[in-house]
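Participant: Give the three-dimensional model of this entry:
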Amino acid sequence: MLFGVCDMEAFQDSSFKKWYDPEYEFYDVDSTKLPNAELFEGVTIKIVFGSWCSDSKREVPRFIKMMETLNYDISKIEIYGVDRNKISPDGEVEKLNVELVPTFIIYREGNEIGRIVESPKKSLEEDLKDILTN
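Facilitator: Predicted structure coming up:
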C-alpha cells in the first residue's frame, strides 16, 4: 500500500506499475475538452488516493496523463496515499475533509476552488475545466 506523501516514482514499483501503466497508456485524453493553459495561473493540485481502491487505480493515472498533456509540471502536484480509513501518517489528509478516494483538490492562489471526488461527473477534462472557469 502506498501510504503518505508519494511522488511519481512510487507508481513504478512493480506492485503499482501493473495497474498504473496500462490505465495511463490506454487513456485517450480528449484534447477538445481540455482547459486552456492560462487558466492554470496560480493553480496547485493535491491528490488523495488509495492504492487499494479501484476508483483510484483508474482515475489517478488518467488524471496524471491529462495533466502531462496540458504540460502541467507534475512535480508540483502533491500526492497523498491513504489507508482505508482515509488517514495519512503525517495527519495532513485529515485536515482536507476527504471522504472518498480519489479526491483531486484544485487550488488557486492557495484557496480551494473545487474538487473531483471518486469519479468525474462528466469527464476529467470537462470537470477540471468547469472548476477552473467558475
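Participant: if I read this right, Arg84 contacts Leu100, doesn't it?
Facilitator: No: applying Cβ atoms under 8 Å, one finds Arg84 not in contact with Leu100, separated by 11.7 Å. For every residue, glycine as well, the C-beta is placed using N, CA and C.
Participant: all helices of this structure, in order?
Facilitator: 14-26, 54-69, 124-133 (DSSP state H).
Participant: Of all those helices, which one is nearest Leu34?
Facilitator: helix 124-133 (5.2 Å; Cβ to Cβ).
Participant: Strands of this structure, residue ranges please.
Facilitator: 4-6, 43-49, 78-81, 103-108, 111-117 (DSSP state E).
Participant: mind putting the ones you listed in a markdown table, mean neighbour count and mean pLDDT included?
Facilitator: A markdown table is the format used below for the strands of the chain (neighbours: other Cβ atoms under 10 Å; pLDDT from 0 to 100):
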| stretch | mean neighbour count | mean pLDDT |
| --- | --- | --- |
| strand 4-6 | 16 | 93 |
| strand 43-49 | 20 | 97 |
| strand 78-81 | 21 | 96 |
| strand 103-108 | 20 | 98 |
| strand 111-117 | 15 | 98 |
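Participant: possible to save these as JSON lines with distance to Asp90?
Facilitator: As requested, the strands of the chain are exported to JSON lines (distance: least, Cβ to Cβ, whole Å):
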{"stretch": "strand 4-6", "distance to Asp90": "7"}
{"stretch": "strand 43-49", "distance to Asp90": "12"}
{"stretch": "strand 78-81", "distance to Asp90": "9"}
{"stretch": "strand 103-108", "distance to Asp90": "16"}
{"stretch": "strand 111-117", "distance to Asp90": "19"}
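Participant: could I get the helices of the chain as TSV with mean pLDDT?
Facilitator: Shown next, in TSV, are the helices of the chain (pLDDT from 0 to 100):
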stretch	mean pLDDT
helix 14-26	95
helix 54-69	98
helix 124-133	98
